[in-house]
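*Asks:* pasting the sequence and the predicted model now:
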Amino acid sequence: MSNVPIRDAATVILVRDPETNPKVLMGQRGKSAAFMPNKYVFPGGAIDPEDARVPLAGTPDPTCVARLAQLSTSDLPHALLAAAIREVWEETGLILGTPTGAEAVMTEEWHAFLATGYLPSAIGFRYIFRAITPPGRPRRFDARFFLVTANHVQNNLDDFSKAEDELSHLHWVPIREARALDLPFITEVVLAEVEGHLKTNAPPQSVPFFKNDTEASQFLRIV
């Protein structure tokens, strides 16, 4: 498995009621999934080629965009943000976007989202974590984690009827109860980061990066 390619990916931590009783949206992967079977995870996945071409109605704080560009190709930040929005739509049916007033035309991967009358928007996204899957796993990702408060969602926060079937048991989990679920190690680490960012809307001072692209694991901070 040492030759498993590393795919760029995006993960979204949606937080509801951050100032009173913070909850995060999670779902359970299937028992036959090749990657992290049975685990509870945040919505997310690898970028598709079309993600680099779909227009974004809004982007995050310039600090977030600049940090996304570090140790990456120059065109990757746009694709990562678009992928994050697309994965939330596909896995939960929730819309992170801006109304357009007209249906846009796009490829199959984006048609259903754009048919809702919204353009994807990454306004309010905070880039808080990055991790590369260690060697020896059947699939490997270079995942960027984005924290987004639920007020940026355009539709009913409890309506998952448009979701595809990749995640089951979708629900809003109080953060203090989330650790009782069957979580991947990296998700536990990210949850600790999330708790530290709930009382502010500012970008983090730095972004932790678990760099496991070789046998020698490194811990870096993107500033």
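*Replies:* Thanks, I have it. Residues are numbered from 1 along each chain as shown.
*Asks:* pLDDT score assigned to the residue nearest to residue 223 when sequence neighbours are not counted?
*Replies:* Spatially, and ignoring its direct neighbours in sequence, residue 223 is nearest to residue 206 (4.6 Å; CB to CB, 6 or more residues apart in numbering). (C-beta placed from N, C-alpha, C; glycine too.) Looking at residue 206, its pLDDT reads 97.
*Asks:* ditto for residue 103
*Replies:* 57.
*Asks:* contacts only, for residue 181.
*Replies:* Residues near residue 181 by CB atoms under 8 Å, 6 or more residues apart in numbering: 26, 40, 173.
*Asks:* low-confidence ranges, the protein, go.
*Replies:* 1-2, 31-36, 101-107 (pLDDT under 70).
*Asks:* in it, which spans are helices?
*Replies:* Here the chain has its helices, by DSSP state H, at 62-69, 76-92, 108-114, 175-178, 185-197.
*Asks:* redo these as CSV? Include mean neighbour count and distance to residue 51.
*Replies:* Below are the helices of the chain laid out as CSV (neighbours: other CB atoms under 10 Å; distance: least, CB to CB, whole Å):
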stretch, mean neighbour count, distance to residue 51
helix 62-69, 18, 13
helix 76-92, 24, 4
helix 108-114, 17, 8
helix 175-178, 14, 28
helix 185-197, 16, 22
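*Asks:* buried among the contacts of residue 181? Need that as a selection in ChimeraX.
*Replies:* In ChimeraX, a selection of the buried entries from these looks like this (16 or more other CB atoms under 10 Å):
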select :26,40,173
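*Asks:* with respect to residue 96, which of the contacts of residue 181 is nearest?
*Replies:* Sorting the contacts of residue 181 by how near they are to residue 96, with CB to CB, puts residue 26 at the top with 16.8 Å.
*Asks:* beta partners for that closest one?
*Replies:* Counting by DSSP bridges, residue 26 is bridged to residue 171.
*Asks:* gap between it and residue 115?
*Replies:* Applying CB to CB, to the nearest Å, the value for residue 26 to residue 115 is 27 Å.
*Asks:* ditto for residue 171
*Replies:* 26 Å.
*Asks:* and what of residue 219?
*Replies:* On the measure of CB to CB, residue 219 and residue 115 end up 43 Å apart.
*Asks:* neighbour count winner among these two?
*Replies:* Between residue 219 and residue 115, residue 115 has the larger neighbour count (other CB atoms under 10 Å), namely 12 against 9.
*Asks:* list phi and psi for that one.
*Replies:* The phi/psi pair for residue 115 (degrees, to the nearest 10) reads phi -70, psi -10.
*Asks:* which residues are in contact with the residue nearest to residue 223?
*Replies:* Residue 206 sits in contact with 221-223, where contact means CB under 8 Å, 6+ apart.
*Asks:* closest to residue 54 out of those?
*Replies:* Among these, and counting by CB to CB, the member closest to residue 54 is residue 222, at 25.1 Å.
*Asks:* would you list the contacts of residue 181 in TSV and tack on distance to residue 136?
*Replies:* Rendered in TSV, the data for those read as follows (distance: CB to CB, whole Å):
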residue	distance to residue 136
26	25
40	22
173	29
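*Asks:* which one of the contacts of residue 181 sits closest to residue 17?
*Replies:* Using CB to CB, the contacts of residue 181 come closest to residue 17 at residue 173, 11.9 Å.
*Asks:* settle this for me: the closest one is touching residue 22, isn't it.
*Replies:* No - Residue 173 is beyond contact range of residue 22, at 9.8 Å (criterion: CB atoms under 8 Å).
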